[in-house]
Structures are given as structure tokens and as C-alpha cells.
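Novice: attaching a predicted model along with its sequence, questions to come.
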Amino acid sequence: MLKEARLWLGTPYRHQASTLRAGCDCLGLVRGVWRAIHGDEPEAPPPYRPDWAELGERELLLDAFGRWLTPLPLSEARPGDVLVFRMAPGAVAKHCAIRSGPDHIIHAYWGRACVESALGRWWRERLIAAFRFP
């Protein structure tokens with residue numbers, strides 16, 4: 001998983017996209033890694049607006065990952081696992097990344113590209129769940 005995720009580094013940010021080197025968002029990165037490892041995605045995500053998590057109360061991202069990935073305690077997350085973040089207290093989870101080391105993540109976010117970032121205090125304070133690819 002990690003080797004595949006690293007191939008996405010530098011892919012431009014594109015909302016709802018999931019195409020290596022052409023564009024992806026954070027979910028698109030995870031979807032692309034899934035396709036490289038397992039083939040077809042088990043379900044297509046519904047269309048979503050950039051502010052979808054601010055408008056709803058349902059944990060759509062956590063629910064979808066729970067259907068197809070294996071949940072695990074945060075303390076057991078290792079490189080290659082998917083991490084999920086809640087960007088504000090009381091908000092639904094809306095960002096995901098692939099852990100690339102003890103203190104690093106690979107993710108895509110608005111205004112940037114698919115990058116490797118430090119898993120610093122700011123991200124750790126928002127980290128709420130971890131999942132493993134089957």
C-alpha cells in the first residue's frame with residue numbers, strides 16, 4: 001500500500017478526482033490505492049461538495065471505510081494504514097490520509113497536491129480512526 005501511495009505524490013488536488021498524476025482529493029488517493037491493490041472499488045462514492053461534512057451529521061466517510069476496510073485501534077496503525085481526521089470538534093470526519101511512517105502521512109488537500117506531511121500535533125489532535133486495507 002505504501003509503495004502505491006508514494007506513486008501519487010505530486011498528483012494535483014482535484015475535488016472528487018482519483019486519477020494518478022491527473023488529480024485526486026484525499027478520498028481519491030485512498031480509492032486509487034485500493035484499485036491498484038484490489039481492482040475495482042467495492043462501491044462508488046456519491047457526488048459530494050467540498051463542504052459536505054459541514055452540512056451533515058452522518059459519518060459517511062467512517063461508515064464507508066468501516067464497510068470495506070478493517071478498523072483498528074489508533075495505537076496499532078502502521079505505515080500503509082488509512083487514518084481519518086475530524087477537522088473541528090463536533091464535526092463529522094472529513095479528511096483521510098495514508099500513514100507513511102511513525103510521524104508522517106501521505107494525503108491530498110485543497111490548494112496543494114498529494115504530499116507527504118509531518119503527522120505533527122495539529123494532525124494528531126484531529127486523528128480519530130485508523131483502518132487497514134484487507
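Specialist: Ah, there it is.
Novice: what residues sit buried inside the longest helix along the chain?
Specialist: If you go by DSSP state H, the chain has its longest helix at helix 26-38. By 16 or more other C-beta atoms under 10 Å, the buried positions in helix 26-38 come out as 26-34. From N, CA and C alone the C-beta is placed, and that goes for glycine too.
Novice: next helix or strand past the worst-scoring helix or strand of the chain on mean pLDDT?
Specialist: In the chain, no helix or strand scores lower on mean pLDDT, DSSP states H and E than helix 52-55, which sits at a mean of 58. Downstream of helix 52-55, the first helix or strand assigned by DSSP states H and E is helix 60-68.
Novice: so the residue most central in space within the chain is in which element?
Specialist: By C-alpha atoms, centre = their mean, the chain has its centre lying nearest to residue 96, at 2.6 Å. Using DSSP H and E, residue 96 sits in strand 95-101.
Novice: check the offset of that strand from the chain's centre.
Specialist: 6 Å (C-alpha atoms, centre = their mean, to the nearest Å).
Novice: and what of stretch 90-107?
Specialist: Using C-alpha atoms, centre = their mean, the offset of stretch 90-107 from its chain centre is 6 Å.
Novice: buried stuff in that stretch?
Specialist: 92-100, 104-107.
Novice: per-residue confidence at residue 87?
Specialist: Note for residue 87: predicted pLDDT of 90.
Novice: could you dump the buried residues of stretch 90-107 to TSV with distance to residue 57?
Specialist: Shown next, in TSV, are those (distance: C-beta to C-beta, whole Å):
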residue	distance to residue 57
92	7
93	12
94	12
95	17
96	19
97	23
98	27
99	28
100	31
104	32
105	26
106	29
107	24
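Novice: my guess is residue 16 contacts residue 23. True?
Specialist: No - contact criterion C-beta atoms under 8 Å: residue 16 and residue 23 do not qualify, at 9.0 Å.
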